[in-house]
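J.: Predicted model, plus sequence, below.
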Amino acid sequence: QNILSAVNIQHDCASSSCSEFVSINIHQERTETMKTKTSLVHKNTGRFVLNAHSLHNYALISQVIPHPL
């Protein structure tokens, strides 16, 4: 396989309605601690936002994005 380009995408929480939070234990140097942090649970909707700074590769990116987008 030849890699032609790299793009940066982010999960689209706004259109995916991600709103559930959970507490997870923090790891320090590969060891789980008793400290916790709140983390957002993402819904698996397949919705992403393309980072606009990637548009210097527009010709390659446009070939793989569905036309309705």
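T.: Alright, I've got the coordinates.

J.: Now do the helices in the protein.
T.: 13-16, 58-64 (DSSP state H).

J.: deepest of the ones you listed, which one?
T.: Burial of those is given as mean neighbour count (mean count of other C-beta atoms under 10 Å); helix 13-16 ranks first at a mean of 13. Every residue, glycine included, has its C-beta placed from N, CA and C.

J.: tell me what that helix is packed against?
T.: Helices and strands in packing contact with helix 13-16 are not found; criterion 3 or more C-beta pairs under 8 Å, 6 or more residues apart in numbering; DSSP states H and E.

J.: So what touches that helix?
T.: Contact partners of helix 13-16, identified using C-beta atoms under 8 Å, 6 or more residues apart in numbering, comprise Leu40, His42, Lys43, Thr45, Arg47.

J.: Let's see that with 6 Å instead.
T.: Residues outside helix 13-16 that contact it (C-beta atoms under 6 Å, 6 or more residues apart in numbering): Lys43, Thr45, Arg47.

J.: quick one: pLDDT of the second one?
T.: Spelled out, that is Thr45. Note for Thr45: predicted pLDDT of 95.

J.: And the strands in this protein?
T.: Here the chain has its strands, by DSSP state E, at 9-11, 20-28, 31-41, 48-50.

J.: Quick one: mean pLDDT over the last one.
T.: Summarised as a single mean, pLDDT over strand 48-50 is 87.
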